[in-house]
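1. What follows is a predicted protein model with its sequence.
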Amino acid sequence: MIVRFLALALLGWMLGFAWFAVFLPQPLDGRATDAIVVLTGGAGRIDRGIALLREGAAKRMLISGVDRAVRPSELAAQYKAPEPLFTCCITLGREAIDTRSNAIETAHWLERRNYATVRLITTDWHMRRAALELRQALPARVTLVYDAVPSRPSLTMLAREYNKYLLRRAAALLGI
């Protein structure tokens with residue numbers, strides 16, 4: 001009986017992992033939202049957010065998880081963006097240290113501005129867990145749209161992220 005249960009659990013994990021790995025979230029079109037939130041930590045995320053902001057896809061952008069030592073002028077130079085864009089429209093969130101605190105920081109930032117729609121930008125393999133965390137932190141009235149930055153994750157990275165996702169789903173079910 002225990003062997004059958006373990007075999008069924010393993011089969012369930014493998015099927016879930018296959019779904020997780022094969023159907024990674026995709027980039028979104030340029031539709032407009034009130035705000036853009038970029039989670040630091042992966043290549044192409046900030047580039048995508050700045051490009052969308054410059055195209056007018058949102059009014060403001062939060063970059064969550066920025067190191068306290070980084071100045072807006074340094075980011076402007078690194079991403080070849082005009083410094084006034086950082087002054088008027090980009091907030092550097094410096095409180096987050098992980099995905100869960102990214103969600104809390106983002107929720108507070110959105111609350112202060114009373115935005116109704118937000119575009120979440122993160123890497124494709126990270127999107128499901130980041131969106132889960134953000135959904136838990138945001139009020140129900142806020143519409144969240146996903147804009148994944150394509151990547152080429154290793155099988156190990158996908159398995160690690162899938163396990164983190166499963167653990168956060170289980171913790172969410174328990175109210176943690």
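-> Now that the structure is in, tell me what you want to look at. Predicted, not measured: the structure shown is a model, and the values here were computed from it. Residues are numbered from 1 along each chain as shown.
2. Following the chain past the longest helix anywhere in the chain, name the next helix or strand.
-> Of all the segments of type helix in the chain, defined by DSSP state H, the longest one is helix 2-22. Moving toward the C-terminus from helix 2-22, the next helix or strand (DSSP states H and E) is strand 35-39.
3. Just the buried positions in the longest helix of the chain, please.
-> Along helix 2-22, these residues count as buried under the neighbour rule (16 or more other C-beta atoms under 10 Å): 17, 20. Where you see a C-beta, it was placed from the backbone N, CA and C, and this is true even at glycine.
4. Need the contact partners of that helix.
-> 128, 155, 158, 159, 161, 162, 165, 166 (C-beta atoms under 8 Å, 6 or more residues apart in numbering).
5. Just among these, which is most surrounded?
-> The member of the contacts of helix 2-22 surrounded by the most neighbours (other C-beta atoms under 10 Å) is residue 128, with 22 neighbours in all.
6. which residues does that residue contact?
-> With contacts defined as C-beta under 8 Å, 6+ apart, the neighbours of residue 128 are 20, 25, 165.
7. Looks like residue 30 contacts residue 52 (just checking).
-> Yes. Assessed by C-beta atoms under 8 Å, residue 30 is found in contact with residue 52 at 6.7 Å.
8. Which one's more surrounded, those two?
-> When neighbours are counted by other C-beta under 10 Å, residue 30 and residue 52 differ, and residue 52 comes out ahead with 22 against 12.
9. ok, that one to residue 27 distance?
-> As defined by C-beta to C-beta, to the nearest Å, residue 52 lies at a distance of 10 Å from residue 27.
10. joint contacts of these two?
-> By C-beta under 8 Å, 6+ apart, residue 52 and residue 27 have these common neighbours: residue 147.
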